[in-house]
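Peer 1: Sequence and predicted model, in that order:
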Amino acid sequence: MRNYCLGLMFFAAFVLAGCNGNGGTKELKFSGTLELNEHSVGARAAGRIVSLSVDEGSEVKKGQLLATLDRYEQFKKDFDRVRQLFEQGGTNQQGVENAQLIWDDQAVFSPVDGVVLVKVREMGEVVSAGSPVAVIGDRSNVWVRIYVPEGVINKIKMNQPAVLYFDGLKKTFNGRVSFIASQAEFTPRNVQTQEERITQTFAVKVTLENPEPFLRPGVSCDVMIRVAP
């Protein structure tokens with residue numbers, strides 16, 4: 001599954017707060033936006049979309065039927081007929097399973113509990129096999145991507161704890177460093193100043209430990225990481 005960018009990442013003010021009385025540690029402050037693990041979903045067969053039951057922002061459950069193609073009802077009838085034959089001894093279990101697969105090929109299901117981030121197609125459109133119909137964000141895997149300057153990246157460790165502050169919320173959230181890029185890159189172009197844009201940085205992901213359903217992708221977030229001086 002590909003990861004679909006939910007918002008422009010930016011490297012806001014990097015702050016070295018100095019000694020704060022907590023064992024001589026220092027706080028590093030970074031900014032980013034909330035992202036979810038994403039899944040592009042489509043039907044395994046080609047056809048015309050005849051039903052599409054979700055919109056962008058819709059909450060979905062794992063296994064939920066999202067869309068069907070034009071031969072969905074016909075293959076459902078075929079499946080029901082094969083299942084009846086099986087119950088009467090007229091076919092075997094493999095025949096039932098094959099009919100089920102053919103029927104399922106005409107449908108799009110959600111692979112996770114999550115939220116519809118992008119509705120790629122509309123009802124009535126013709127799609128090819130495997131073509132994405134929607135992009136689903138997985139609420140069980142939520143993180144903020146930050147950019148750490150090369151001068152301090154060695155202070156950041158895997159599983160290091162962090163505290164996250166989201167715009168408009170008084171509640172803080174705990175997180176841990178879950179990814180550190182192995183190669184440096186230039187800070188993204190959408191950063192405000194030229195000096196920051198030419199800084200060599202490392203992308204770091206901080207995953208929330210207990211994400212709340214009300215957190216929406218794209219929300220701005222400040223990440224505080226406490227390190228040794």
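Peer 2: Arrived safely. Just so it is clear, the structure is predicted and the values come from calculations on it, not from any experiment. Numbering: from 1, shown residues only.

Peer 1: In which helix or strand does the most centrally placed residue in the chain reside?
Peer 2: Centrality entry for the chain: nearest residue to the mean C-alpha point is residue 37, 2.1 Å, by Cα atoms, centre = their mean. Here residue 37, judged by DSSP states H and E, is contained in strand 26-41.

Peer 1: May I have the strands that pair with that strand, each with its orientation?
Peer 2: Applying DSSP bridges, strand 26-41 is found paired with strand 15-16 (antiparallel), strand 134-149 (antiparallel), strand 220-227 (antiparallel).

Peer 1: For the residue nearest to the centre of the chain, list each beta-bridge partner.
Peer 2: Beta bridges link residue 37 to residue 138 when assigned by DSSP bridges.

Peer 1: That one contacts residue 141, correct?
Peer 2: Yes - checked against Cβ atoms under 8 Å, the pair residue 37 and residue 141 is within contact range at 3.7 Å. For glycine as for every other residue, the C-beta is placed from the backbone atoms N, C-alpha and C.

Peer 1: now the helices for the protein?
Peer 2: With DSSP state H, the ranges of helices along the chain come out as 72-87, 93-104, 194-197.

Peer 1: Between those, which one is closest to residue 214.
Peer 2: Closest approach to residue 214 among those (Cβ to Cβ): helix 194-197, 31.2 Å.

Peer 1: What's the mean pLDDT across the closest one?
Peer 2: Averaged across helix 194-197, pLDDT comes to 52.

Peer 1: Where does the prediction get shaky in the protein?
Peer 2: 1-24, 187-198 (pLDDT under 70).

Peer 1: Domain boundaries for it, per the record?
Peer 2: Here the domain parsing of the chain from automatic domain parsing is 15-38+137-227, 40-135.

Peer 1: ok, back up a step: tell me which of the strands paired with strand 26-41 approaches residue 33 most closely.
Peer 2: Between residue 33 and the strands paired with strand 26-41, the shortest gap by Cβ to Cβ is with strand 220-227, which sits at 5.6 Å.

Peer 1: Contacts only, for the closest residue to residue 213 other than its chain neighbours.
Peer 2: Once flanking residues are discounted, residue 213 sits nearest to residue 139: 6.5 Å by Cβ to Cβ, 6 or more residues apart in numbering. By Cβ atoms under 8 Å, 6 or more residues apart in numbering, the residues touching residue 139 are 36, 112-115, 211, 213.

Peer 1: for these, which one is nearest residue 228?
Peer 2: In terms of Cβ to Cβ, no member of those lies closer to residue 228 than residue 211, at 28.3 Å.

Peer 1: I'd like to check which residues are in contact with the closest one.
Peer 2: Counting by Cβ under 8 Å, 6+ apart, residue 211 touches 139-140, 142, 173.

Peer 1: same thing with residue 143?
Peer 2: Counting by Cβ under 8 Å, 6+ apart, residue 143 touches 34-35, 175, 178, 205-208.

Peer 1: Next, work out how far apart it and residue 77 are.
Peer 2: The gap separating residue 143 from residue 77 is 44 Å, by Cβ to Cβ, to the nearest Å.

Peer 1: again with residue 210
Peer 2: Distance, residue 210 to residue 77, using Cβ to Cβ: 45 Å.

Peer 1: That concludes my questions; thank you for your assistance.
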